[in-house]
Structures are given as C-alpha cells and as structure tokens.
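>>> coords below, sequence missing:
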DNA sequence: GTTTTTCTTGATTGACGAGTCAATAAAGAA
DNA sequence: TTCTTTATTGACTCGTCAATCAAGAAAAAC
C-alpha cells in the first residue's frame, strides 16, 4: 500500500531512528538494518532514500545542528542587550535536549567522523564558525579588541564543559556548566588587561 | 626461534602499533590483523597477549595517559612558585607530542568508548581527577575559595581547546591554545569577584 | 485500461573480521 | 634425554553487515 509522498516522512523517521540508535549503541557501529527496523522499514528502503550509511548519519547530524541553531535563535528572541544575548547563547548550549544521551553520543561520534569525512568536517566548521561569530557580534561592543580571543575562550569552554558533562555518569545539574561559562563571560567583560 | 621474555616487547610493540593504526584509520574500526601486521606479528599472537581488541585499545590509552602524566611531572620539576607551576601544567597539555594526529584520534575515540566501556570511563575519570587536583593544589593559595570553580573552568578550557585544535585542519600554532588558557588563568587570579 | 512512477521488501552477494585451535619450534628444567 | 613452558602462526569457524537486485503492489497519468 504505497502512499505517495512518503520520502520526507521516511527520511525524518530514519534521522530520528539514527540518533536513537547511536544513543543506544554508543558508537557508529550501528547497522543500517537496526536503524531501519527502529524506523519501521526495511534496510533496503533506507539505502534507497539515503544511498549509504554515512549519508544517513550526516543527515542525522545536520538535523541535530539545525535543532541547536533553532534553539539559539529562539533564545535570542527574548534577549535585550549584549549581555543578555550572550547569556542566552550560552544557556542554549546546555539545554536538556542537548544532554540526551543520544545527542551526546551523536556529537562524540561526529567529532570522530570529522577527522576523516570531509562532509562531517565541513559541517563541524559551520557550527564552530556560527557560534564564534554570534558570540563576536555581542562581545565586540563590550570588550572591543579583545573580542576575538574572548570568543575563542568562551566557545572552547562551552565545548569542553559539554564534553565533561556529557561524559559524567552523575547527572549533576547542567545549570552548573552554564554558570561556569557565565562566570568566564563576567571575567572577560570585567577584565582590564588587554 | 622463540626467544624468551618476548611478552613485554610484544606488548609495547602492539601498543605503539595500535596508536599508529588508529591515527591512520581515524576510528576504532581498526582490525586486530592490521595492528598486528604493523607490529610485525600475527593477529593470533596479539590475541594471545591481550585477549581481545578492547583490551589492546585500553592498553594503548593507558600508555598515552602515562606519557602525558610523565610530561606534566617533568614540566613541574623546573617550575618554582604556584603561578609558574600552573603555567607548566597548562603548557604540558599542548605539547607537540599530544598533537600528533594519532594521539588526537586516540583521544577522540577514547571519549566515544568511555560512554559504553566501564574501563575506559574509569581511565578517563582518573585523567580528569588528576588534572583537577593538580590545578587545585596551586590555585588554592592564589584564589582561595574560588579555586574549585577556577580549576573546573581551566580544565574544561584545556579539553575544549584541545578538541578544537585537534580537529582544525590548519596546524595553527599550538602556542595559541596555551596562551588562551594562560589568559584565563590570569583573569582567574586577577578577578576580584567571588 | 494500460503504462509509468513511486514505494517496498525478501533474498542474495560478497566481503571482512574477531577469536579459536591445533600444530610447530625453541629454550630451559628435570 | 624427556618434559614443560613460552613463543608463534596458518587455517578455520562463525558471525555480521553494507549494498544490490529483482520483483510485487498501489497510485497516478495517459
């Protein structure tokens, strides 16, 4: 009973299932069969729509990144002033949706893949550049010439804390990571040193 | 012609070959056969000495961590005063030996493995705790009650910058990462805020 | 109502890899 | 010398998985 217009539905289901499956397995040794099964279809269909395993994973990662970008945009909506905007950006990185084990697993494996896959590397760069320039935009008015270095530190601290929190077994409050980055932000703003 | 006492030699060769192979492949889909070939022996012998693939990889990671710990210790030898010791610790994390692509690949895959392997997770915690307490030891005299948070930020920034630099295609100077962390250190020391 | 397009899968292919085992060989112990 | 321990490997087992293909079935187009 082939209903027409299934492609977008199937693709979305596969993307969702891929993230879930990576979360369940922990690494990229997920099988196309299992992803397809989780999405309620045959592995042949998954190949039909995506071509191959890596393309399925890249689509899943593109989706994760898009969700994250939407969260940042939405958080920026209600923020007035440079300082408030910076805090909103920081907070968006540590929302609970980003801390679902499956999302963390996807990120870690994404880093691994970025070493060898040009597509994955490209995608990663887009994320990094976007974070950097968003920070820069609101840092420049506050710290002037130091903005470049400050943005680099804040972005790296976000990544580092995400890594540590994601790998911590204890689900210690995520608010702590947010507070740590905001503390850095305060120092950056308050520092008189060049 | 079995010479006796080969075990430590074979183990060391396998550990070295494992890191090289992970560097070459980029992920943990390295085969025991290829590792063994690189180390100049049969795959059966690798199994004989280590038992299985994961144990080979854990031994390689233990070695990487031990090398890093030795670098920190050695850097601390010549450092007088808390500030100098802190800088030495920071610098040790960004030495060129830590930036060999094979070592970076090993670290990234180690993070992935730490999600599902209790042994890997345990090993990772040892690294994190050691870094934290080493920082704490010299931070406390300088920043008092803020030492805990400061150490967390510095450690996370080290990890985050390592991640970013390791994944950057351009081999932009590592000294930059060091400078970024030292800049944070200066802010931590100079900050008057609690 | 026939043809074409879209959707779907079972079955198959072809390859690869972890781990085991039996067998060989040297060195030392008894 | 005979026995045991250590070293070593080729061959094999057993399983897995990505990717392909031929074929069926429903909708839409003609």
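It's in. Everything numeric here is computed off the predicted structure, so don't read it as measured data.
>>> tally of neighbours for residue A:9?
Burial of residue A:9 is recorded as 11 neighbouring residues (other CB atoms under 10 Å in any protein chain shown). Where C-beta positions appear, they are placed from N, C-alpha and C, glycine not excepted.
>>> Over to the one 4 residues further on?
Residues within reach of residue A:13, counting by other CB under 10 Å, total 19.
>>> Setting the sequence-adjacent residues aside, check what's closest to it.
Computed as CB to CB, 6 or more residues apart in numbering or on different chains, the closest residue to residue A:13 that is not its neighbour in sequence is residue A:39, at 4.1 Å.
>>> what residues are up against that neighbour?
A:10, A:13, A:14, A:16, A:17, A:46 (CB atoms under 8 Å, 6 or more residues apart in numbering or on different chains).
>>> go again using 7 Å as the cut-off
A:13, A:14, A:17 (CB atoms under 7 Å, 6 or more residues apart in numbering or on different chains).
>>> Leaving out the residues flanking it, which one is nearest to the second one?
With sequence-adjacent residues excluded and distances taken as CB to CB, 6+ apart, residue A:14 is closest to residue A:39, at 5.0 Å.
>>> which residue ends up closest to the midpoint of chain A in space?
Central residue of chain A (CA atoms, centre = their mean): residue A:65, 4.8 Å from the mean position.
>>> Quick check: it touching residue A:127?
Yes. If you go by CB atoms under 7 Å, residue A:65 and residue A:127 touch, sitting 5.6 Å apart.
>>> returning to what we had before: adding secondary structure and pLDDT, write the contacts of residue A:39 out as a markdown table.
As requested, those are exported to a markdown table (DSSP: H, G, I helix; E, B strand; the rest coil; pLDDT from 0 to 100):
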| residue | secondary structure | pLDDT |
| --- | --- | --- |
| A:13 | helix | 98 |
| A:14 | helix | 98 |
| A:17 | helix | 98 |
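>>> I'd like those written out as CSV, with distance to residue A:185 added.
Output for the contacts of residue A:39, formatted as CSV (distance: CB to CB, whole Å):
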residue, distance to residue A:185
A:13, 40
A:14, 39
A:17, 38
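>>> For chain B, state which of those is nearest.
residue A:17 (18.9 Å; CB to the nearest CB).
>>> wait, that closest one sits on residue A:38?
Yes. Counting by CB under 7 Å, residue A:38 is a contact partner of residue A:17 at 3.9 Å.
>>> Could you check which of the two is surrounded by more residues?
Per other CB under 10 Å, whichever of residue A:17 and residue A:38 has more neighbours is residue A:17, with 22 against 17.
>>> so who does the more buried one touch?
A:35, A:38, A:39.
>>> One more: residue A:151?
Here residue A:151 is in contact with A:132, A:135, A:136, A:139 (CB under 7 Å, 6+ apart).
>>> is chain B contacted by the helix or strand bottoming out on mean pLDDT in chain A?
Sorting the helices and strands of chain A by mean pLDDT, DSSP states H and E puts helix A:175-190 at the bottom, at a mean of 93. Yes. Applying CB under 7 Å from any CB of the partner chain, one finds helix A:175-190 touching chain B at A:180, A:183, A:184, A:186, A:187, A:190.
>>> quick one: low-confidence parts of chain A?
For chain A, the stretches with pLDDT under 70 are A:1-2, A:171-175, A:191-194.
>>> go with 90
By pLDDT under 90, the low-scoring segments of chain A are A:1-5, A:96-99, A:169-175, A:190-194.
>>> Can you pull up the residues of it that come close to DNA strand C?
A:2-7, A:10, A:41-45, A:48 (CB under 7 Å from any atom of the strand).
>>> Tell me, how many residues neighbour residue A:14?
25.
>>> how about the helix or strand hosting residue A:88: buried residues?
Residue A:88 belongs to helix A:82-93 when assigned by DSSP states H and E. Buried residues in helix A:82-93, counted by 16 or more other CB atoms under 10 Å in any protein chain shown: A:82, A:83, A:85, A:86, A:87, A:88, A:89, A:90, A:91, A:92, A:93.
>>> Looking at those residues, spot the one nearest chain B.
residue A:93 (11.5 Å).
>>> quick one: contacts for the closest one?
By CB under 7 Å, 6+ apart, residue A:93 lies in contact with A:158, A:162.
>>> Same check on residue A:27?
A:109, B:112.
>>> if we can go back for a sec, so the helix or strand that the helix holding residue A:88 is followed by, near chain B or not?
Next helix or strand after helix A:82-93 toward the C-terminus (DSSP H and E): helix A:101-114. Yes. Legend: contact between helix A:101-114 and chain B by CB under 7 Å from any CB is shown at A:105, A:108, A:109, A:111, A:112, A:114.
>>> before we move on, back to that, for the contacts of residue A:17, give me JSON lines that also has secondary structure and distance to DNA strand D.
JSON lines is the format used below for the contacts of residue A:17 (DSSP: H, G, I helix; E, B strand; the rest coil; distance: CB to the nearest atom of the strand, whole Å):
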{"residue": "A:35", "secondary structure": "helix", "distance to DNA strand D": "8"}
{"residue": "A:38", "secondary structure": "helix", "distance to DNA strand D": "13"}
{"residue": "A:39", "secondary structure": "coil", "distance to DNA strand D": "13"}
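>>> Please work out the angle formed by the directions of the least confident helix or strand of chain A and helix B:175-190.
90 degrees (axes from the mean of the first three to the mean of the last three CA atoms, to 10 degrees).
>>> and helix A:175-190, how far from the chain's centre?
20 Å (CA atoms, centre = their mean, to the nearest Å).
>>> buried stuff in it?
Buried-residue list, helix A:175-190, by 16+ other CB under 10 Å: A:177, A:178, A:180, A:181, A:182, A:183, A:184, A:185, A:187, A:188.
>>> nearest residue to residue A:58 other than its sequence neighbours?
Nearest one to residue A:58, counting by CB to CB, 6+ apart, is residue A:119 at 5.5 Å.
>>> now do residue A:160
residue B:160 (2.7 Å).
>>> what angle separates the host helix or strand of that neighbour from helix B:101-114?
According to DSSP H and E, residue B:160 maps onto helix B:147-167. Calculated by the same axes, to 10 degrees, helix B:147-167 forms an angle of 120 degrees with helix B:101-114.
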